[in-house]
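K.L.:
Let me see the structure of the following:
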Amino acid sequence: NASMLSYILFSCLLLSVQAQNCSVREIIRYTKLLLKGSSVSCPCRETAVSSCSCLPIAEPGHELACFVEGTEHMLKNNISSNAVTAWLNLTFQTQLGRNLCESLARGDQCQYKTKGNVKEFLNKILRTYQAINK
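P.N.:
Modelled structure (predicted):
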């Protein structure tokens, strides 16, 4: 899709310009946008088979790897706005790959003890970046 390609190229340009500040404000704004549009608040049980998407709730220091994994899952399953989710996914991949936002990336493996639904996952992203923004 040509419009998606131009969107991703524009996002890459934005990321390179805003790499120094972790794109914190943009991530907060887009995450809030996804939360507003998300009606998925089903209970997430790893053992039960359900239609609820269970996404990793990251352990401290592994947030970026889990945010990449979770947003990839959201994209593959058309869970929310693909353009916004694609932007977030690309941003998290760039931050992880370039070791930006050092406080978030101790490892490139997603480590978690629990999984949560889409709302819980998005709230984890929001809380994480709001803490950086203080």
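
K.L.:
Any regions of this structure where pLDDT drops low?
P.N.:
Residues of the chain meeting the criterion pLDDT under 70: 1-21, 39-41, 45-51, 105-106.

K.L.:
how about the strands in it?
P.N.:
Assigned by DSSP state E, the strands in the chain fall at 55-58, 112-116.

K.L.:
how about these in TSV, adding distance to residue 27 and mean neighbour count?
P.N.:
Backbone N, C-alpha and C define where each C-beta goes, glycine included. As requested, these are exported to TSV (distance: least, CB to CB, whole Å; neighbours: other CB atoms under 10 Å):
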stretch	distance to residue 27	mean neighbour count
strand 55-58	14	23
strand 112-116	18	15
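
K.L.:
Could you dump those into TSV and include distance to residue 32?
P.N.:
Output for the strands of the chain, formatted as TSV (distance: least, CB to CB, whole Å):
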stretch	distance to residue 32
strand 55-58	17
strand 112-116	17
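
K.L.:
To residue 88, which of those lies closest?
P.N.:
Closest approach to residue 88 among the strands of the chain is made by strand 55-58 (12.5 Å; CB to CB).

K.L.:
which residues are in contact with the closest one?
P.N.:
By CB atoms under 8 Å, 6 or more residues apart in numbering, the residues outside strand 55-58 that reach it are 44, 65-67, 69-70, 73-74, 110-118, 120-121, 124, 128.

K.L.:
Try it again at 7 Å.
P.N.:
Residues outside strand 55-58 that contact it (CB atoms under 7 Å, 6 or more residues apart in numbering) are 66, 69-70, 73, 110, 112, 114-116, 118, 120-121, 124.

K.L.:
can you name the two of those residues that are farthest apart?
P.N.:
The most widely separated members of the contacts of strand 55-58, counting by CB to CB, are 110 and 118 (16.2 Å).

K.L.:
related to what we said a few turns ago, out of the strands of the chain, which gets nearest to residue 96?
P.N.:
Evaluated with CB to CB, those place strand 55-58 nearest to residue 96, the distance being 11.8 Å.

K.L.:
What count of nearby residues applies to residue 90?
P.N.:
18 (other CB atoms under 10 Å).

K.L.:
I'd like the numbering to begin with 494 instead of 1 from here.
P.N.:
With the count now opening at 494, the last piece we talked about shows up as residue 583.

K.L.:
Thanks again, I'm all set now.
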